[in-house]
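1. no sequence for this one, just the structure:
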């Protein structure tokens with residue numbers, strides 16, 4: 001597929017910016033743009049409630065030997081996941097039915113760091129794997145790591161996720177903007193998208 005699917009065009013769109021989340025029980029298309037951050041598409045297919053968050057972390061590197069739960073990444077990540085989970089529960093979801101699809105965690109900007117440090121994308125990926133495993137939330141799909149930013153579109157009626165990588169030339173700008181709240185980045189990114197859309201059913 002080289003363009004957006006026609007059946008996505010009729011869905012109401014919800015844009016999730018860094019540090020935000022969106023939860024709905026209505027058919028919608030939740031979308032975000034990711035670099036080193038993580039987006040978790042979390043849903044209850046029985047009660048038909050779904051949502052997405054976008055992790056926002058401030059530091060670019062973390063010590064490998066710090067236990068994840070007490071690191072800044074762990075504290076913020078746990079808070080972000082709890083907010084998403086609680087919002088789903090308020091909409092009528094039940095935790096026992098939760099399923100997750102996870103995206104992001106790219107090393108968009110390569111940093112010259114010492115061996116005892118991990119870049120933020122690696123930390124994000126490590127955190128969400130540990131969190132989902134600890135909470136016993138089934139992971140249906142996981143597309144994390146690499147060196148390219150991603151555009152993510154999550155259908156809340158079918159729980160399908162469409163992922164598109166962005167061009168390398170847009171990644172430095174993406175990384176600089178990822179830790180601020182920008183309103184027009186997804187529209188601007190239409191000019192810099194590349195590659196095919198990949199569907200995660």
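-> Arrived safely, thanks for sending. All values reported here derive from a predicted model rather than from experimental measurement.
2. tell me what the single longest helix found in the chain is packed against?
-> Determined from DSSP state H, the single longest helix within the chain is helix 72-90. When contacts are defined as 3 or more CB pairs under 8 Å, 6 or more residues apart in numbering; DSSP states H and E, helix 72-90 packs onto strand 21-24, strand 38-44, strand 49-54, helix 120-134. Backbone N, C-alpha and C define where each C-beta goes, glycine included.
3. again, 6 Å this time
-> Applying 3 or more CB pairs under 6 Å, 6 or more residues apart in numbering; DSSP states H and E, one finds that helix 72-90 contacts strand 21-24, strand 49-54, helix 120-134.
4. can I get the ones you listed in CSV with distance to residue 142, mean neighbour count and mean pLDDT?
-> Below are the helices and strands packed on helix 72-90 laid out as CSV (distance: least, CB to CB, whole Å; neighbours: other CB atoms under 10 Å; pLDDT from 0 to 100):
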stretch, distance to residue 142, mean neighbour count, mean pLDDT
strand 21-24, 19, 22, 96
strand 49-54, 15, 26, 96
helix 120-134, 8, 21, 85
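5. got CSV for the ones you listed, with distance to residue 98 too?
-> Shown next, in CSV, are the helices and strands packed on helix 72-90 (distance: least, CB to CB, whole Å):
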stretch, distance to residue 98
strand 21-24, 12
strand 49-54, 10
helix 120-134, 9
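6. ok, now which ones touch residue 81?
-> Taking CB atoms under 6 Å, 6 or more residues apart in numbering, we find residue 81 in contact with residue 131.
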